[in-house]
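S.K.: coordinates only, sequence not included:
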């Protein structure tokens with residue numbers, strides 16, 4: 001089992017920045033990839049960014065490219081999402097997820113609220 005705990009959400013004005021953290025515990029040695037997703041009210045959960053655990057290869061949704069940066073600290077088993085130039089449409093609950101071999105995002109955190117005011 002892998003446990004994920006997100007933190008760092010909050011209220012910020014448009015144009016501001018936030019950094020989300022996702023701390024992993026448990027069988028972290030089995031994690032192959034981690035990602036961030038978000039879900040706004042009344043909308044489906046959408047992919048935001050991902051990073052592989054071995055070579056730190058990253059991928060981003062088009063809507064956040066150039067504004068968000070995903071990174072990891074293997075020693076702390078933590079993944080970060082640096083969010084700059086935030087827009088009201090970035091308002092959502094942000095979830096951290098982890099993949100283990102043979103599965104795709106099979107572990108999820110509880111989510112952290114990000115609210116961007118205009």
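M.R.: Yep, that arrived. Computed from a predicted structure; not experimentally measured.
S.K.: Quick check: chain neighbours aside, which residue is closest to the residue nearest the centre of the chain?
M.R.: Residue closest to the mean C-alpha point of the chain, counted by CA atoms, centre = their mean, is residue 36 at 2.7 Å. Spatial nearest neighbour of residue 36, excluding adjacent residues (CB to CB, 6 or more residues apart in numbering): residue 48 at 4.3 Å. (C-beta placed from N, C-alpha, C; glycine too.)
S.K.: how close does the one you found sit to residue 92?
M.R.: From residue 48 over to residue 92 the distance is 9 Å, taken as CB to CB, to the nearest Å.
S.K.: Give the residues shared as contacts by the two.
M.R.: residue 38 (CB atoms under 8 Å, 6 or more residues apart in numbering).
S.K.: close enough to count as contact, the residue nearest to residue 36 and residue 40?
M.R.: No. The pair residue 48 and residue 40 does not pass the contact test of CB atoms under 8 Å, sitting 11.6 Å apart.
S.K.: Quickly list what residue 92 is bridged to.
M.R.: When assigned by DSSP bridges, residue 92 has beta-bridge partners residue 114.
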